[in-house]
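S.K.: Sharing a sequence plus its predicted fold:
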Amino acid sequence: MSRSGGVGMHRYVQMWSGDNFTSWETLRFNLKMSLGLAMSGVSNSGHDIGEFAGPAPGPELLARSQRPQTAER
C-alpha cells in the first residue's frame, strides 16, 4: 500500500489517499482522485470510509462516503 508511486506502479500498488478530513469537499476530492488514477491505469485505489480526522460525519456524508468503496469491490 502506498501514497506515492512511479513507473509501473499500476501493476503492483494499492493506492490510499491518506488520512482524510471529514467534509464534503474531501469526498469530492477523493472521487476525482479515484477517477484520475483509474484513467491513468491505477485501478486499485481506496479512501477512508466515513473520513478519518475531524468531527463524526453526519448520516448522509457517511452513506455517500461508503458508496464508492463498496461499489469498487
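M.R.: The structure has been received and is ready for your questions.

S.K.: What is the burial count for Gly8?
M.R.: Residues near Gly8, counting by other C-beta atoms under 10 Å, number 9. Just so you know, the C-beta spots here come from the backbone N, C-alpha and C atoms, and that holds for glycine as well.

S.K.: could you give the mean pLDDT of the strand or helix carrying Arg28?
M.R.: Using DSSP states H and E, Arg28 maps to helix 24-39. Helix 24-39 shows a mean pLDDT of 86.

S.K.: who touches that helix?
M.R.: 15, 17, 20, 43, 45, 47, 51, 61, 64-65, 68 (C-beta atoms under 8 Å, 6 or more residues apart in numbering).

S.K.: So which of the residues you listed belong to strands?
M.R.: Mapping those onto strands (DSSP state E) picks out 15, 45.

S.K.: Widest-spaced pair of the contacts of helix 24-39?
M.R.: For the contacts of helix 24-39, the farthest-apart pair by C-beta to C-beta is Ser43 and Leu61; their separation is 25.3 Å.

S.K.: The two - which one has more neighbours?
M.R.: Leu61 (17 against 12).

S.K.: coming back round to it: with pLDDT added, can I get the contacts of helix 24-39 in CSV?
M.R.: Output for the contacts of helix 24-39, formatted as CSV (pLDDT from 0 to 100):
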residue, pLDDT
Met15, 78
Ser17, 77
Asn20, 81
Ser43, 79
Ser45, 80
His47, 78
Glu51, 63
Leu61, 87
Arg64, 83
Ser65, 80
Pro68, 62
